[in-house]
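Engineer: 3D, please:
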Amino acid sequence: MRALALLSLVVLVGVAGWLVADRTTTSDDVDVFDRQGLVTRVVDGDTLRARIGGSTERVRLIGIDAPERGECYSTRSTALLRGMAEGTVVRILGDATQQARDRFGRLLAYVVLPDGIDAGRVLLVRGAALVFETRSAFARHDAYAEAQASAERGAVGLHGACR
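Structural biologist: As a prediction, the model looks like this:
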């Protein structure tokens, strides 16, 4: 019985150590992970596939909701993200206010382009997506809401084309 308890303790300490070592924070102090990934495919305006280390991950951009296939502006939204990110090495940043994965198993993250620009914010500014409200507000919510409001005021993208 003692051996089993000791083994359980060792496993727990090992897992905790691995989790701590795998998580780094940025200057915002909200990112749960910060990884580099090569974007191998853009699925749609808010989802992509990225090669991170030795595996390919499906990544869902935190805080935005792009039109679904067949909806107004979906083709342009997908093309915009594809033009910015596909074939590019990007930073993939988690957010401590959100789960690491969604119900479909996709990694939830901000995608930062090589020039430091947030791809999700660009999609909002260009009117290619809307702010996706989450149960607990994501860290960049205010900046994203302002980006969307600016696009709405200017009838940019879907705000002008889909009304």
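Engineer: And the strands in this structure, which stretches?
Structural biologist: Applying DSSP state E to the chain gives strands spanning 34-44, 47-52, 55-61, 64-65, 89-93, 107-112, 130-131.
Engineer: Strand partners (parallel or antiparallel) of the fourth one?
Structural biologist: Strand partners for strand 64-65, identified by DSSP bridges, are recorded as strand 130-131 (antiparallel).
Engineer: Check the offset of the strand it pairs with from the chain's centre.
Structural biologist: Its chain's average C-alpha position is 13 Å from that of strand 130-131, according to CA atoms, centre = their mean, to the nearest Å.
Engineer: hmm, back to that, what's the most buried one of the strands of the chain?
Structural biologist: Sort the strands of the chain by mean neighbour count, taking mean count of other CB atoms under 10 Å, and strand 107-112 sits at the top with a mean of 24. Any C-beta I mention is one placed from the backbone N, CA and C, and that applies to glycine too.
Engineer: What helices and strands are in contact with it?
Structural biologist: The contact analysis (3 or more CB pairs under 8 Å, 6 or more residues apart in numbering; DSSP states H and E) places strand 107-112 against strand 55-61, strand 89-93, helix 119-125.
Engineer: Next, the angle from that strand to strand 89-93.
Structural biologist: Angle, strand 107-112 to strand 89-93, by axes from the mean of the first three to the mean of the last three CA atoms, to 10 degrees: 130 degrees.
Engineer: Compare the helices and strands packed on strand 107-112 and give me the one nearest Val112.
Structural biologist: The closest of the helices and strands packed on strand 107-112 to Val112 is strand 89-93. By CB to CB, the value is 4.0 Å.
Engineer: What residues sit buried inside stretch 148-160?
Structural biologist: Neighbour-count burial for stretch 148-160, counted by 16 or more other CB atoms under 10 Å, picks out Gln148, Ala151, Glu152, Val156, Gly157, Leu158, His159.
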